[in-house]
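*Asks:* got a sequence here, can you model it:
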Amino acid sequence: LAFAQGCDDYVSLASGDVLRARLHALAARGRPRTGECALEFGGLQLDTHLRTATVWGSRVSLTRIEFDLLRALLAEQRRVIPRQELLEVGWGGCERRDHVLDVHMSRLRTKIMRAGGPKVGEPVPGIGYRVGIALAASAAGLAQLVATAT
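*Replies:* All right, here's what the predicted structure looks like:
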């Protein structure tokens, strides 16, 4: 009955040591491991531990700032990130002009798209940037279609 309700494991009359060991192993499964993709968007994968980006398995070389900006975009896929917040991510509060952010976002977008990835860093005039609405909308539509089919 427990497995039918979604239970992953069942322990019958286990000692305290066995139960602690199983809980520790279960908790470790939820943490990202080295080499695991922590963030993903339309064929673009970002490993935050190794600080690597790949598009459909091919590595994309990013600068520190480009990587940090991309991580911020992928971590917040459902919202527009204000310019000031992205400036803080990339430059840690140093006084920068907006055009510096625009140049870095353009270079990041070009690198990802040239590798065959999705359009990331889509500008929202007067507000900031979003990960890319076209793919996000199609992914949401696909999820809704799958949900209604089941």
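
*Asks:* give me the low-pLDDT residue ranges for this structure?
*Replies:* 2-3, 5-11, 13-14, 23-24, 26-37, 93, 95-96, 133-150 (pLDDT under 70).

*Asks:* residue ranges of the helices in it, please?
*Replies:* Ranges of helices in the chain, per DSSP state H, are 16-30, 64-75, 83-91, 98-114, 133-149.

*Asks:* and the second one, what does it pack onto?
*Replies:* In this structure, helix 64-75 makes packing contacts with strand 39-41, strand 44-47, helix 83-91, helix 98-114, judged by 3 or more C-beta pairs under 8 Å, 6 or more residues apart in numbering; DSSP states H and E. (C-beta placed from N, C-alpha, C; glycine too.)

*Asks:* how many neighbours does residue 94 have?
*Replies:* The number of residues packed near residue 94 is 9, by other C-beta atoms under 10 Å.

*Asks:* quick check: end-to-end length of stretch 46-62?
*Replies:* Using C-alpha to C-alpha, to the nearest Å, the end-to-end distance of stretch 46-62 comes to 11 Å.

*Asks:* list the buried ones in it?
*Replies:* Under the neighbour-count criterion of 16 or more other C-beta atoms under 10 Å, stretch 46-62 has 46-47, 52-55, 60, 62 buried.

*Asks:* farthest-apart pair in those residues, please.
*Replies:* 47 and 55 (12.8 Å; C-beta to C-beta).

*Asks:* so what sits against both of the two?
*Replies:* Here residue 47 and residue 55 have no joint contacts, going by C-beta atoms under 8 Å, 6 or more residues apart in numbering.

*Asks:* thinking again about what came up before, and residue 126, which of the helices and strands packed on helix 64-75 is closest to it?
*Replies:* Once those are compared by C-beta to C-beta, helix 83-91 is nearest, at 9.0 Å.

*Asks:* pull that closest one out as CSV, backbone CA atoms only.
*Replies:* The C-alpha trace of helix 83-91 is given here as CSV (Å, rounded to 0.1, in the frame of the first residue of the first chain):
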residue,chain,number,x,y,z
ARG,A,83,19.0,44.8,-14.6
GLN,A,84,20.2,45.9,-11.2
GLU,A,85,20.0,42.3,-9.9
LEU,A,86,22.1,41.0,-12.8
LEU,A,87,24.6,43.8,-12.3
GLU,A,88,25.0,42.6,-8.7
VAL,A,89,25.4,39.0,-9.9
GLY,A,90,28.1,39.8,-12.5
TRP,A,91,30.0,42.6,-10.8
